[in-house]
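*Asks:* This is the structure alone, sequence omitted:
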């Protein structure tokens, strides 16, 4: 008899706990899986355990994603997807033009385009006056560098002991945002340093095509290109266009590996450079819930300190493990308008 | 209360029943090639299907350890890069993870955006390995060597070499594109226009005529090299280092490693997860990835001759490079820039149809009684994939204008034998394949002897010859293996006999044929079409 009661009591306890839990669950906002496309450079952020925890505990959100370039994702199949998270305003404009206004769109973070390189390349570039240092931050004089890039120049001719000719590796400008923005910057520079207008773009396209065409096969994702920069070695990727956030994130997520390369790898801010705006596009009501969550001050703090995404005008670099990060950037040039960029994308496809 | 208890018990039973049914259904989704021995234990519930470049086969000891420590079975399917890229483009992908030789193939193939968590596991450059005394004689052991220097020696006939097929394997593709650059005078970038130059066609044909043997996979090229007597091969540095290990054991001459300064290319071995929404699989994949990327395992992978990490080669692994002639642990590798996808596709198409050394293939096909019904249907489909050029083009297996093909059907005797030259007549060979019925015995060696005699009438130095034998039974004609062995050795023809086993084929005997002729056996049981495609990819 006694044992039988024990069993019943145990059963009762289980029932009470489970009903209490389901009561708690029903009071909490219903948990949703939110599915979308994001640019590879933000995967580290959404895979961050702390970020996942905040999304789950505070907002009852589980973020699911597929990786795609900013422009690839606009053209991809959206049925059943709740959001797109490209890295530029131009991608949003492309969305607007194709599908009309989305449910909601919001710039969540910003990050400047930078050029990554290594000491053995940068030192001769400093000697040649293409790169300079100010307050421990490296800058590249784009106006001076453009002829080197445009006229086929051997590395050896500018004092760099590498085989081959000078190129800046970018991602595919028709598919991925970092390559696209660097191309926008190049277009502005070819235009004498002023923002390219619709009436000017046609005459610049052949010159842009030559510079980008020399790259041949280009990666579709900024994350892949950055990892090649780190792993394939200086000769394979001497200069690489990417996001400032990438090195900051790498230093946080792989501190040992970062320590192994930190004396060799150099982050250079082009002067001028362009801002990449990581604009979130909600496609469904569920998708909209992410906007509020990402604006959470805790997540914004993690985004900057752990992953290098800027959330304000001036950023506190004392919390950043990477040296040579600029507190604020003054030499910013606007990207050409989306109609200009769409023309360029079309020509480069 | 009692009722609740009973209900709960019923509920639990139902749950168990349903979940078993589900796991049964899931099991049925497993891709072809399940019989490929998995690493780990077949009873484990957790498993990952990985489609990988053949060069990763060498890492199986590490994979097996992971499998046992985590109780996750790993099913490795080794395929060429082109196949892997095509697989990724399918709506339904049969694998959980992908591990090609270069991230380029994921970029080209992943049109569905399903690959994530990609990370390069190790780096190894494509290099030339040349018999040391020959490398010395040719002057490659002193100073910097360019691809052009090597090409000059190939064209003068002083050097012949083996490489994998450019359209089937990443190392062959890299080498081929490297050759094109060099022959075009190192342009900034190869364009489609340049590819149509008649001068280039002459030059690259002359060069590829120096290819001694071709192979569909980099790992097997190493095996072939070890079994044969060749001067040089183009392959991954890691595979040349392990080839030398074997050569030293056998007391043979080592290969001197030449890193051309104007570049071939670098394999970055990216391991990526194929997302199909199964969080358990994703968790298991991440376990595998984190295991392979852990500092201890990265160091161990280095001991296989691959470059890992950010600090260069670790002290304890340096001796591996130091003991190999020409090997440079700290070399700065300068790879070529690969052309844009459209140009690459055009270049590979030209390789297959114009530039490569023409192949001479005799298909020896078993039409014995046991083939009737479904087996014959599959065989007919497989042959249509190769002989009908529109189908062949999908897998970059088209015939070239100079190649020769023959189809020999046999049962108790030879049923028919037809020839075709070039890439137009080849489609006619399909008629007999589609129309002939199956009955009678398996006079396999009679058929093979006939195929050999066809080969002996032709100047084989102009071709990449191969016999592709497909059989589903045991030879029961009057000739035996030893008769064939005698005939083969006395003919002195460098013809590999690749076989595709099916049904009750005697795999051991096919293995002996492969060993005798320096070829290999492909398993056609799970997928005859892909076995034929693979075999064809070897010449």
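*Replies:* On my side now, so go ahead. The shown structure was predicted, so the numbers you read here are calculated from the model rather than taken from an experiment.

*Asks:* When you work out contacts or count neighbours from here on, use the C-alpha atoms and nothing else.
*Replies:* Noted.

*Asks:* what's the closest non-adjacent residue to the residue most central in space within chain A?
*Replies:* Chain A has residue A:41 as the residue nearest its centroid, 4.2 Å off, counting by CA atoms, centre = their mean. Excluding its sequence neighbours, the residue lying closest to residue A:41 (CA to CA, 6 or more residues apart in numbering or on different chains) is residue A:223, at 5.2 Å.

*Asks:* where's residue A:249 relative to residue B:363, distance?
*Replies:* Residue A:249 sits 56 Å away from residue B:363, going by CA to CA, to the nearest Å.

*Asks:* longest strand of chain A?
*Replies:* If you go by DSSP state E, chain A has its longest strand at strand A:104-118.

*Asks:* just checking, what packs against that one?
*Replies:* Identification of packing neighbours for strand A:104-118 by 3 or more CA pairs under 8 Å, 6 or more residues apart in numbering or on different chains; DSSP states H and E yields helix A:177-190, strand A:240-243, helix A:244-253, strand A:265-271, strand A:275-282, helix A:285-294.

*Asks:* need those in a markdown table with distance to chain B and mean pLDDT, can you?
*Replies:* Listed next are the helices and strands packed on strand A:104-118 as a markdown table, based on distance: least, CA to the nearest CA, whole Å; pLDDT from 0 to 100:
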| stretch | distance to chain B | mean pLDDT |
| --- | --- | --- |
| helix A:177-190 | 15 | 96 |
| strand A:240-243 | 14 | 97 |
| helix A:244-253 | 13 | 95 |
| strand A:265-271 | 11 | 97 |
| strand A:275-282 | 18 | 94 |
| helix A:285-294 | 18 | 93 |
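
*Asks:* what's the closest of the ones you listed to residue A:13?
*Replies:* Among the helices and strands packed on strand A:104-118, the nearest to residue A:13 by CA to CA is helix A:285-294 (35.7 Å).

*Asks:* So what's the gap between the closest one and the chain middle?
*Replies:* Centroid displacement of helix A:285-294 relative to its chain, using CA atoms, centre = their mean, to the nearest Å, is 20 Å.

*Asks:* Tell me which other helices or strands it touches.
*Replies:* strand A:32-38, helix A:49-59, strand A:104-118.

*Asks:* Which SSE is immediately downstream of the longest one?
*Replies:* Later in the chain than strand A:104-118, the nearest helix or strand by DSSP states H and E is helix A:119-127.

*Asks:* quick check: angle from that next one to strand A:265-271?
*Replies:* 30 degrees (axes from the mean of the first three to the mean of the last three CA atoms, to 10 degrees).

*Asks:* near chain A, which residues of the stretch 1-150 of chain B show up?
*Replies:* Residues of the stretch 1-150 of chain B lying close to chain A by CA under 8 Å from any CA of the partner chain are B:1, B:104, B:107, B:113, B:114, B:115, B:116, B:120, B:123.

*Asks:* a markdown table for these, including pLDDT, distance to residue B:225 and neighbour count?
*Replies:* Formatted as a markdown table, the residues of the stretch 1-150 of chain B next to chain A follow (pLDDT from 0 to 100; distance: CA to CA, whole Å; neighbours: other CA atoms under 10 Å in any protein chain shown):
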| residue | pLDDT | distance to residue B:225 | neighbour count |
| --- | --- | --- | --- |
| B:1 | 48 | 75 | 9 |
| B:104 | 92 | 27 | 21 |
| B:107 | 89 | 31 | 20 |
| B:113 | 88 | 38 | 21 |
| B:114 | 92 | 37 | 19 |
| B:115 | 94 | 35 | 24 |
| B:116 | 90 | 36 | 21 |
| B:120 | 94 | 28 | 24 |
| B:123 | 94 | 22 | 24 |
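
*Asks:* what's the closest of those to residue A:165?
*Replies:* Within the residues of the stretch 1-150 of chain B next to chain A, proximity to residue A:165 (CA to CA) peaks at residue B:104, which comes in at 21.5 Å.

*Asks:* isn't that closest one right next to residue A:216, touching?
*Replies:* No: Residue B:104 is beyond contact range of residue A:216, at 11.7 Å (criterion: CA atoms under 8 Å).

*Asks:* before we move on, back to that, among the helices and strands packed on strand A:104-118, which comes closest to residue A:31?
*Replies:* In terms of CA to CA, the element of these nearest to residue A:31 is helix A:285-294, at 10.2 Å.

*Asks:* one step back: could you export the helices and strands packed on helix A:285-294 as JSON lines, including mean pLDDT and mean neighbour count?
*Replies:* Compiled in JSON lines, the helices and strands packed on helix A:285-294 are given as follows (pLDDT from 0 to 100; neighbours: other CA atoms under 10 Å in any protein chain shown):
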{"stretch": "strand A:32-38", "mean pLDDT": "92", "mean neighbour count": "20"}
{"stretch": "helix A:49-59", "mean pLDDT": "95", "mean neighbour count": "16"}
{"stretch": "strand A:104-118", "mean pLDDT": "95", "mean neighbour count": "21"}
